[in-house]
Every structure is written in C-alpha cells, then in structure tokens.
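> Please work out how this folds:
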Amino acid sequence: MSLTEKKQPAALSGPERQWNVVLMCTNCRNPVPNIVEDFASGDTVCEDCGLVLGDRIVDTRSEWRTFANEEGDDPSRVGNAANPFLDGAQLDTIISRGGDNGTGLARDLNRAQGRTTAHRHERNLVQAYKEISALCDAYDMPKTTVDIAKQMYKKVEDFQLQRGKNNDVIIAACIFLACRQDNAPRTFKEICSLTKVDRKDIGRMFKFLKSKLNADTGTTSSNDLIARFCSNLSLDQDIRRITELLTKKAKDMNHISGKSPVSIASACIYMTSHLMGSARDAKAISEIAGVGEATIKTTYKILYANRHELLTPDIYARSSKVSEANLPNP
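This is a model prediction of the structure:
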C-alpha cells in the first residue's frame, strides 16, 4: 500500500484527546487528499495525480442486478423473474450432463434439476410452449402474439379442456385465437400450412375454445389482411392505400355479399395492381392469400362489372398512375 498514514490530533472531546488517521498520497502529498476507490478495476487511485495507491480492493456494496427489459425498473437481487406461464417456482438455469458419458458432478446436478421440473403437468406445458414459439417464429409473429397463445394454452390446461383432444389441434387453435386477439389475424389456410393440421379440425377447436374460454376474438376484415398480402407481393404503399379504399367500397355493395374477407381482399389487390400498372396475376395472389385462382377471378368479375361505382374521383386523386384502361377484361 503506497499510502502515508499521518496521525494528527482530533478535536478535544472531554478530558481525553483522540487521534484520527489521514490517508495521504505519497506522490502529491495533498493535505486534503482526493483518493477514490474504483470498484470496476479494483484500484485505489489519487484523482489529483492519477497514482494507483492500491489494488484488489473488495467491493462491499450491495450486488444489485437487474434483468429488466426497460430502464428505470426496480432492480432485483433474486435473478430472473418467475415464468408466469408455469406454476410455482422455476429453476431457470439449464445444467448440462457434462461429457459424452454424462458422469460426475454435472450428471448429479442435471438429475437434481430434473427432479425440480419432474411434474408431468409442467413438462407438458414447457413442451407445448416450445412448439408454440417455434411455430410462431416460423411466420415471424410478434412476441405479444406468442405470449397470448401461451396464455390460451395454459387456460386449456387449467380448465382441463384438453382431455380427449389432439394436442396439435389445440396448439393450432390457440395460435389462431392469439392472432385474432393481437389484431394480426391469419387465415385458416395459413394456420393449416403452418401447423399441418386439417382446417376443419382447427375450425371445430376454435369454436370450442372460444365458447369455453369466453374469448373475445372479433371478426377478421379484409383490411386486416391487405397490408400483409401487399407486402408479400412487393407492392408499394400507394397500391395498399387504394386497395383499402376499394375494399371499403366493395363491402358496401350488395353484389358481393356473402364473399369471405380473404376473397374480397385478394380480388381488390388483383384489381388495384392492374389499375396502377403493377399487375400481379391471380396465381401469385393465390399463393400468398391461400385462395383459389377461380375464386379471385370470380370475385374480380363482380368488381369489374361494378367498376364505375368503385372508381370514384377520390381513387383517381390518390395517384396519377390510376387508369381504368389497364384493367383486364374478365
């Protein structure tokens, strides 16, 4: 320790004289020392001259750690927060078995951890959550949708609604419900393609869970689908906006009543892309929207027959590219 200890008398207190110890830098010998402890590097440093006076100091402060996603949250000294999708306390650390044979202390620790999560109910939940996350990640669904799907599945487990039901169908229906609730709906065909589950099975399970869980899902409108379909077809924002206007006008027409929102959205995209000179054929739209080419052309035929009601002056004011002459004759 390169510090000079200098004893000097302190103020008198009573009949006895007390002594204080003053730490002084051996280099600058400032009578008012400016010595600080740098806990990050473990050094004691004189801030006046920069001389390192000591090393390997012990940080005696509280070891506050925070795992919060946002700044400003209260720090926690108890590690990661408990998983709200599981019951009871969880051991978040994953312990490897160690080596190829899995012998020794690592194996014992792995077994000890296994016993903490040995409850069958919890294992089933963990496995289902992994499948939900993997499926949602495949379609780049937001984390909020993933969490809602997990909450749905946990309710199914809590109310024991899974008895006698196919677990893959339950997961598919939970994802479909979650997309609806998160205002990012997917079509039945998209969920079928994602989960490899039959559409009729998903539909039946969707109605069953909606009634049992009192889930407020609302309805899927054509405008909810247009943004995603246009993005997948590499269409610009002007085409998307005009398509949304056409869809709103088309839904008010009596001639198109009974058509599904997916069919209306697909036909309006087909019409707008030709209208603005960035034509997409029915086959390309069919692959993105999951609707048959014949359905798109049949719906477009109705739109074309009523084009004078749809193509109002506000449509032409949106873009100079709009031209009725570009529309193909059905």
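
> Low-confidence stretches in the stretch 51-200 of the chain?
Low-confidence segments of the stretch 51-200 of the chain (pLDDT under 70): 61-83, 87-103, 113-121.

> Show me which positions of stretch 49-56 end up buried.
Within stretch 49-56, the residues scored as buried using 16 or more other CB atoms under 10 Å are Leu53. In short, each C-beta sits where N, CA and C put it, glycine included.

> what's the first-to-last distance across it?
By CA to CA, to the nearest Å, the extent of stretch 49-56 from end to end equals 20 Å.

> Quick one: distance of it to the chain centre.
47 Å (CA atoms, centre = their mean, to the nearest Å).

> cool, stretch 217-233 as well?
Taking CA atoms, centre = their mean, the mean C-alpha location of stretch 217-233 is offset from the chain mean by 19 Å.

> check contacts around Glu244.
Residues in contact with Glu244 (CB atoms under 8 Å, 6 or more residues apart in numbering) are 223, 226.

> next structured bit after whichever strand or helix holds it?
Assigned by DSSP states H and E, Glu244 falls within helix 237-251. Following helix 237-251 in sequence order, the next helix or strand is helix 261-275 (DSSP H and E).

> That next one to helix 237-251, inter-axis angle?
130 degrees (axes from the mean of the first three to the mean of the last three CA atoms, to 10 degrees).

> in the helix holding Glu244, what's buried?
238-240, 242-247, 249-251.

> Report the two of the residues you listed separated the most.
Farthest apart among the buried residues of helix 237-251 by CB to CB are Asp238 and Lys251. That separation is 21.0 Å.

> low pLDDT regions in the stretch 201-330 of the chain?
For the stretch 201-330 of the chain, the stretches flagged by pLDDT under 70 are 218-219.

> In this model Ala149 seems to touch Ile132, though I could be wrong.
Yes. Contact criterion CB atoms under 8 Å: Ile132 and Ala149 qualify, at 5.0 Å.

> overlap in contacts of those two?
By CB under 8 Å, 6+ apart, the residues touching both Ile132 and Ala149 are 171, 174-175.

> Domain-wise, how is this protein divided?
3-55, 120-213, 223-326 (automatic domain parsing).

> Figure out which of those domains is closest to Leu86.
That would be domain 120-213 among the domains of the chain, by CB to CB, at 5.9 Å.

> Good, wrapping up.
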